[in-house]
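Q: fold the stuff below for me.
(one chain, ligands or ions: 1)
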Amino acid sequence: MRPARLEVPTRGHCDFVDITQLVRTALEASKLRSGAVLVYSPHTTAGIMIQENADPDLRRDLRLALELAAPDAPPGGRFLHAEGNAPAHVKTALVGSSQLVPVESGELQLGTWQAIYLCEFDGPRTRQVLVRFLADAA
Ligand code: ZN
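A: Modelled structure (predicted):
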């Protein structure tokens, strides 16, 4: 099964983009019926998260919690990374760079309230998302 490469534009410095439908479309094209889909961000300041898709306030809350975990001006110190975007790297480390989603009967096995998000922490820019299709052993 050929891997897919998605191009995902982000809109703000911090942005959570729901890429579930893009992944679903790539899965359909792959013809994978049973196995798993790997969704991977090859970036150090953008990650992949599975989270609730119903309440937009929750995405705001997640952003706030990540801001508190890695604020631009950390209390009692400062980040040393010369590029000046250490908080974006820390948030990406917390979210992670990939998610693995099981596939049954050609469908993503996401829960009712789950969506796959590209999490931008140093945008806006256009990000790549690599998608690999892993078939169950015969
Ligand atoms: Zn950096």
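
Q: C-alpha only now, for contacts and for neighbours.
A: OK.

Q: before we move on, which element is the closest residue to residue 49 other than its chain neighbours in?
A: Spatial nearest neighbour of residue 49, chain neighbours left out: residue 117 (5.1 Å); criterion: C-alpha to C-alpha, 6 or more residues apart in numbering. For residue 117, the host element (DSSP states H and E) is strand 114-120.

Q: okay, how far is it across stretch 34-53, tip to tip?
A: 24 Å (C-alpha to C-alpha, to the nearest Å).

Q: is that stretch up against the ion anywhere?
A: No - Stretch 34-53 stays clear of the ion (C-alpha under 5 Å from the ion), getting no nearer than 7.4 Å.

Q: surely residue 92 and residue 42 touch.
A: No - Residue 92 is not in contact with residue 42 according to C-alpha atoms under 8 Å; the separation is 11.1 Å.

Q: these two - which one has more neighbours?
A: Taking neighbours as other C-alpha atoms under 10 Å, residue 92 and residue 42 compare with residue 92 leading, 24 against 13.

Q: quick one: secondary structure of residue 12?
A: Under the three-state scheme (DSSP: H, G, I helix; E, B strand; the rest coil), residue 12 adopts coil.

Q: enumerate every residue touching it.
A: Residue 12 sits next to 120, 123-124 when contact means C-alpha atoms under 8 Å, 6 or more residues apart in numbering.

Q: go with 7 Å
A: Residue 12 makes contacts with 123-124, as judged by C-alpha atoms under 7 Å, 6 or more residues apart in numbering.

Q: gap between it and residue 125?
A: Counting by C-alpha to C-alpha, the gap from residue 12 to residue 125 is 8 Å.
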